[in-house]
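**Q** Sequence first, then the predicted structure:
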Amino acid sequence: MPALLRTGIVFDAVRLPAYAVHQHAGSGRREDVVRAFSEAGARGGAVVVDSARRWYYALVPPGTAAGWDEPGTEALGMGCVLGVPAPGRGGPPGSYWLAGAPRGPEGLCVPGAVRVLGALPAAG
């Protein structure tokens with residue numbers, strides 16, 4: 001069962017549209033998305049997948065939301081809550097962890113990597 005956690009204390013979260021992440025990954029396959037987060041430099045990659053609504057929520061260090069202004073994404077900081085899956089939940093149905101729940105601050109995503117994945121690639 002998911003838990004509602006306040007953002008802005010231990011972590012902030014950035015909501016990324018699945019279509020943007022999938023374009024960077026080359027597909028919506030889990031292994032491709034995990035690779036895209038890793039290659040972008042997202043470190044531990046604390047990412048909640050909301051497949052029903054087609055969003056990825058990247059957990060980032062607290063304070064990130066205050067200066068976040070990337071089009072097509074939304075940052076959740078102080079005053080917001082995020083539903084997170086149980087630590088061992090690794091697949092659907094419902095929301096789940098893309099590559100495992102973080103075990104501490106070192107498992108949070110790097111904001112610059114999240115910024116890259118949320119931006120739509122330029123048409124080539």
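**A** Received, thanks.

**Q** separation between the nearest residue to Phe11 once chain neighbours are set aside and Val84?
**A** Here the nearest residue to Phe11 in space, its sequence neighbours aside, is Leu59; by C-beta to C-beta, 6 or more residues apart in numbering that works out to 4.5 Å. Quick note: C-beta positions are derived from backbone N, CA and C, even for glycine. Computed as C-beta to C-beta, to the nearest Å, the Leu59 to Val84 distance reads 8 Å.

**Q** what does Pro17 give?
**A** Pro17 sits 19 Å away from Val84, taking C-beta to C-beta as the criterion.

**Q** So between these two, which is more surrounded?
**A** Counting neighbours by other C-beta atoms under 10 Å for Pro17 and for Val84 shows that Val84 has the greater number, 22 against 17.

**Q** Touching, that one and Met1? I think so.
**A** No: taking contacts as C-beta atoms under 8 Å, Val84 lies outside contact range of Met1: 10.7 Å.

**Q** For the residue nearest the centre of the chain, give me phi and psi.
**A** A centroid search over the chain (C-alpha atoms, centre = their mean) returns Ala58, at 1.9 Å, as the residue closest to the centre. Comment: the main-chain dihedrals of Ala58 come out as phi -90, psi 120, following degrees, to the nearest 10.

**Q** tell me the contacts of it?
**A** 13-14, 16, 37, 42, 45-47, 109, 114, 117 (C-beta atoms under 8 Å, 6 or more residues apart in numbering).

**Q** Just list what the biggest helix by length in the chain packs against, helices and strands only.
**A** Identified as the longest helix of the chain according to DSSP state H is helix 30-40. Contact here means 3 or more C-beta pairs under 8 Å, 6 or more residues apart in numbering; DSSP states H and E; on that basis helix 30-40 packs against helix 18-25, helix 111-118.

**Q** Tell me the first helix or strand C-terminal of it.
**A** Along the chain past helix 30-40, the next helix or strand (assigned with DSSP states H and E) turns out to be strand 47-50.

**Q** helices or strands up against that following strand?
**A** For strand 47-50, the contact count by 3+ C-beta pairs under 8 Å, 6+ apart identifies strand 55-60, strand 81-84, strand 96-97 as packing neighbours.
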